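>>> give the three-dimensional model of this entry:
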Amino acid sequence: MRIEIPFIGPTYNGRSSKINGQRTVNLYPKLEKPGAKTPIALYGTPGLNQIGTKGTGPTRSNGVKFSSKLYFVSGNELISVDSSNVFTTIGILNTGGSRCELAAGRTYIMVVDGTDGYTYDGTTFAQITDADFPASPSFVSYNKGRFVVNKGSSDEFAISDDENPTSWQPLEFASAENNPDDILAHASTESDLYFIGSATTEVFFYSGNADFPYDLYPNGTMEVGIEAAHSLAQFSGGLVWLASNDEGDAYVVHMQGLTATPISTPEIEWQISEFTIKNDAIGAIYRQAGRIFYVLTFPSADKSFCFDLTPDGRDWHERKSYQLGRWRVAGIGYLAGKVICGDYDNAKFYKLDFNTYDEDGAVLERIRIAPVIHKTRKVMTFWEVIVELKTGVGLTTGQGSDPQIMLSYSDDGGETWSSELWETLGKKGERLTEVKWEQLGDSKERIFQIKVTDPVEVEILGAYADITLGDV
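As a prediction, this is how the structure comes out:
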């Protein structure tokens, strides 16, 4: 009998791989439109195409667009990159290690590093020296012509003079004081300011009052805080971050307006709960090829998860660089039709590219571990396993000219695995290549894993097995 292996899906590995050990690494599931050959398929994530190096590295911020260029912090330098991939050093920061946040206004871009603040107007880079500038700001946002910063280790925030982050007034500050909760992160969306502490979030709106132009919404306090300040990321559909509250474990939320919706699964939350250090997580959101992705990386735990925020997505997969547990990207921005990102370990910058099938020459592994197959604990004899995917994808020469796919399987819930069994994906143009393995033995339950490491396009449609079912 032929059975369909439920091969396509997200990362669902949680507490017990024997129950559900699914993993999707450097592949993402995408729902197809009605009439497609398959309702859901797996597509390869983009590769990293190096476009230059700048600064001392590593990348310490996401990229922010200002005056037709994209700005990052690399090592202790604020740097810019233009649409022609020309990199320029703008100025030198006093720190070299902590995460930085940037915000752009009409005439200035501003940077904070947890210790100091800096401004750049397109001509002059300078540290903010105004005596009324708050100490130790870790976040900056821009709203209605004002730059907004938090005062370190407090519930206070301050606003700059109109369109001038070099000038601050002694009375232009307020507190997120409904709860005794220091501001750890904040963001601006349209007319609103979100101030997030360890257990609560308070949302202020622009009132235009003469004394102070922001007021707390009457129902603007929510019992959701932030576990990792720099996990906060923003897009047109709201805010996403690694959340916390007084109830227990960390989880990921999507905030729209005054509504916070959890988007992490119990399996993802289980994995996060096992990390010794969680508060160093960093987040970024980017849009590419019709998808919107939130990337959440845990540097100390050496792990990266990615959530598809696209309405027809809403699933998790993993990003992983070769010989690392995490994805090497540490900052992401968008400029002139390109997603540009910086490295966590050096001063390299890359274009995120679906037509690049490696990471700056390093192997880009595609891994899928399917759900457990079982038939009421009866013995299954596997005569043939067929994986349906795009074939004939070989390169003209070199590595990948005869691309291979590796199959392995586990009969004990993922504790041990068979040796890898290799089959060709088809040389260039060999579109009718069939990918199958024969005589794979007996088992009462089985988990299949496939892996592709050649630098070629990977699209997986499904999998099937021809089996004989025993009496016991």
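>>> what's across from the residue nearest to residue 172 when sequence neighbours are not counted in the sheet?
Residue nearest to residue 172 in three dimensions, not counting chain neighbours: residue 159, with 5.1 Å by Cβ to Cβ, 6 or more residues apart in numbering. No exception for glycine: its C-beta is placed from N, CA and C like everyone else's. Per DSSP bridges, the residues bridged to residue 159 are residue 148.
>>> quick check: which element contains the residue lying closest to residue 301 once chain neighbours are set aside?
Leaving aside its sequence neighbours, residue 301 sits nearest to residue 275 (Cβ to Cβ, 6+ apart; 4.0 Å). In this assignment (DSSP states H and E), residue 275 forms part of neither any helix nor any strand.
>>> check contacts around the residue nearest to residue 172.
146-148, 172-173, 213-214 (Cβ atoms under 8 Å, 6 or more residues apart in numbering).
>>> hmm, 10 Å instead?
If you count contacts by Cβ atoms under 10 Å, 6 or more residues apart in numbering, residue 159 has them with 143-149, 165, 168-169, 172-174, 193, 212-214.
>>> for the stretch 251-400 of the chain, what spans make up the strands?
251-256, 259-262, 282-288, 291-298, 303-308, 316-318, 329-335, 338-343, 348-353, 366-369, 373-374, 380-389 (DSSP state E, counting those that start in this stretch).
>>> can you tell me which of those strands the model trusts least?
Of all the strands of the stretch 251-400 of the chain, strand 373-374 carries the lowest average pLDDT, namely a mean of 91.
>>> check which helices and strands that strand sits against.
The helices and strands touching strand 373-374, judged by 3 or more Cβ pairs under 10 Å, 6 or more residues apart in numbering; DSSP states H and E, are strand 2-5, strand 380-389, strand 445-452.
>>> of those, which is nearest residue 69?
Across the helices and strands packed on strand 373-374, the minimum distance to residue 69, taken as Cβ to Cβ, is reached by strand 445-452, at 36.7 Å.
>>> could you give the angle of that closest one to strand 380-389?
30 degrees (axes from the mean of the first three to the mean of the last three Cα atoms, to 10 degrees).
>>> sheet-wise, list the partners of strand 445-452 with their directions.
strand 366-369 (antiparallel), strand 373-374 (antiparallel), strand 404-410 (antiparallel).
>>> ok, back up a step: most tightly packed of the helices and strands packed on strand 373-374?
strand 445-452 (a mean of 22; mean count of other Cβ atoms under 10 Å).
>>> so, low pLDDT: which residues of the protein?
The chain contains residues with pLDDT under 70 at 14-20.
>>> which non-adjacent residue is nearest the residue of the chain positioned farthest from its centre?
In terms of distance from the mean C-alpha position of the chain, residue 471 ranks first, at 47.1 Å (Cα atoms, centre = their mean). Sequence neighbours aside, residue 378 is the residue nearest to residue 471 in space, at 7.1 Å (criterion: Cβ to Cβ, 6+ apart).
>>> over to residue 302?
With Cβ to Cβ, 6+ apart, the residue lying closest to residue 302 is residue 325, at 3.6 Å.
>>> now residue 289
residue 354 (6.1 Å).
>>> again, but for residue 143
Residue 143's closest residue in space is residue 188 (Cβ to Cβ, 6+ apart), at 4.0 Å.
>>> residues in contact with the one you found?
103, 140-144, 146-148, 194, 204, 206, 234, 239.
>>> out of the helices and strands packed on strand 373-374, flag the one nearest residue 121.
That would be strand 445-452 among these, by Cβ to Cβ, at 48.4 Å.
>>> in three-state terms, label residue 122 for me.
coil (DSSP: H, G, I helix; E, B strand; the rest coil).
>>> my guess is the residue nearest to residue 289 meets residue 457, correct?
Yes: Residue 354 is in contact with residue 457 according to Cβ atoms under 10 Å; the separation is 8.7 Å.
>>> between the two, which contacts overlap?
43-44.
>>> on that earlier part again, OK, contacts around the residue nearest to residue 289?
43-47, 288-289, 339, 457.
>>> let's see it at 8 Å
So residue 354 contacts 44, 46-47, 288-289 (Cβ under 8 Å, 6+ apart).
>>> next: residue 103.
Contacts of residue 103 by Cβ under 8 Å, 6+ apart are 64, 109-110, 140-142, 147, 188.
>>> wait, a strand at it?
Yes: the assignment for residue 103 is a strand, going by three-state DSSP.
>>> for it, list each beta-bridge partner.
residue 110.
>>> go on, residue 203?
residue 194.
>>> packing partners of the helix of greatest length in the chain?
Ordering each helix of the chain by length in residues (DSSP state H) puts helix 266-273 first. Applying 3 or more Cβ pairs under 8 Å, 6 or more residues apart in numbering; DSSP states H and E, we find helix 266-273 packed against strand 251-256.
>>> just checking: what are the partner strands of the strand it packs on?
By DSSP bridges, strand 251-256 pairs with strand 238-244 (antiparallel), strand 259-262 (antiparallel).
>>> so what touches the longest one?
So the one you mean is strand 238-244. For strand 238-244, using Cβ under 8 Å, 6+ apart, the contacting residues are 185, 187, 189, 194, 196, 198-199, 224-228, 231-234, 250-257, 260, 262-263, 272, 278, 281, 283, 285, 294, 296, 307, 309.
>>> can you tell me which of those are buried?
Neighbour counting by 16 or more other Cβ atoms under 10 Å classes 185, 187, 189, 194, 196, 198-199, 224-228, 231-234, 250-255, 260, 263, 272, 278, 281, 283, 285, 294, 296, 307, 309 among these as buried.
>>> separation between residue 402 and residue 395?
9 Å (Cβ to Cβ, to the nearest Å).
>>> okay, these two: which has more neighbours?
residue 395 (17 against 14; other Cβ atoms under 10 Å).
>>> list the contacts of residue 136.
Per Cβ under 8 Å, 6+ apart, neighbours of residue 136: 114-115, 151-153.
>>> likewise residue 175?
154-157.
>>> phi first, then psi, for it.
Backbone dihedrals for residue 175, given as degrees, to the nearest 10, come out at phi -130, psi 140.
>>> my read: residue 387 touches residue 406, true?
No: between residue 387 and residue 406 there is no contact under Cβ atoms under 8 Å: 10.9 Å.
>>> tell me the secondary structure at residue 230.
Residue 230 ends up helix, using three-state DSSP.
>>> touching both of residue 387 and residue 406, which residues are there?
residue 450.
>>> report the contact partners of residue 7.
Residue 7 touches 368, 370, 387, 448, 460, 462-463, counting by Cβ under 8 Å, 6+ apart.
>>> now residue 53
87, 346-349.
>>> same deal with residue 97?
So residue 97 contacts residue 60 (Cβ under 8 Å, 6+ apart).
>>> any idea which element it lies in?
Counting by DSSP H and E, residue 97 is found in no helix or strand.
>>> what distance do you get for it to residue 304?
For residue 97, the distance to residue 304 - Cβ to Cβ - is 20 Å.
>>> then residue 11?
Taken as Cβ to Cβ, the span from residue 11 to residue 304 is 11 Å.
>>> joint contacts of the two?
Joint contacts of residue 11 and residue 304 (Cβ under 8 Å, 6+ apart) are residue 318.
>>> residues touching the nearest residue to residue 281 once chain neighbours are set aside, list them.
Leaving aside its chain neighbours, residue 281 sits nearest to residue 228 (3.6 Å; criterion: Cβ to Cβ, 6+ apart). For residue 228, the contact set (Cβ under 8 Å, 6+ apart) comprises 241-242, 250, 278-283.
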